[in-house]
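>>> after the sequence you'll find the predicted model.
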Amino acid sequence: MANIVALLFGDFLKLILLGFVISAPVAWYLLSFWLEGFAYQTGIGIHLFLATAGLMVLVAWLAVSYHAIRAARANPVEALGSE
C-alpha cells in the first residue's frame, strides 16, 4: 500500500511544486507592493514561503494517504455489484 501512496503522491507533488514555482514570485511581488503603503515597514522572508510550501505538501500527502487507504480497504464486490 505504501507503493501506491508513493506513486499517487509523486504525481501530486509535481503539480504542487509547479504551482508553487508559479505563484511564489507573483505572491512576493503583490505582497511587497501592498506592504509599501504601510507606515511601519516589514520584510517578507523566505521562511513564509517555505512554510506555506511545506503545509501544502503535508495537506496533499494526508489527502492522498486517506483516499489510498480507503480504496485499499474497500470491498471490490460491493463496487462491482453496483455496476
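Here it is on my side, so go on. Numbering: from 1, shown residues only.

>>> what about stretch 3-11, average pLDDT?
Here stretch 3-11 scores 80 as its mean pLDDT.

>>> and what of stretch 18-32?
Computed over stretch 18-32, the average pLDDT equals 93.

>>> ok, and for it, which residues are buried?
Of the residues in stretch 18-32, those scored as buried under the neighbour-count criterion (16 or more other C-beta atoms under 10 Å) are 20, 24. In short, each C-beta sits where N, CA and C put it, glycine included.

>>> so what touches it?
44, 49, 52-53, 56 (C-beta atoms under 8 Å, 6 or more residues apart in numbering).

>>> and residue 79, what pLDDT?
Confidence at residue 79, expressed as pLDDT, is 68.

>>> revised request: answer the last question for residue 35.
As summarised for this prediction, residue 35 has a pLDDT of 88.

>>> distance check, it against residue 23.
Plainly put, residue 35 is 18 Å away from residue 23 if you go by C-beta to C-beta, to the nearest Å.

>>> over to residue 67?
On the measure of C-beta to C-beta, residue 67 and residue 23 end up 24 Å apart.

>>> next: residue 44.
Counting by C-beta to C-beta, the gap from residue 44 to residue 23 is 14 Å.

>>> chain neighbours aside, what residue packs nearest to the residue nearest the centre of the chain?
Compute the mean C-alpha point of the chain, and by C-alpha atoms, centre = their mean the closest residue is residue 56, 3.1 Å away. Counting by C-beta to C-beta, 6 or more residues apart in numbering, residue 16 is the residue found nearest to residue 56 once chain neighbours are left out, at 5.4 Å.
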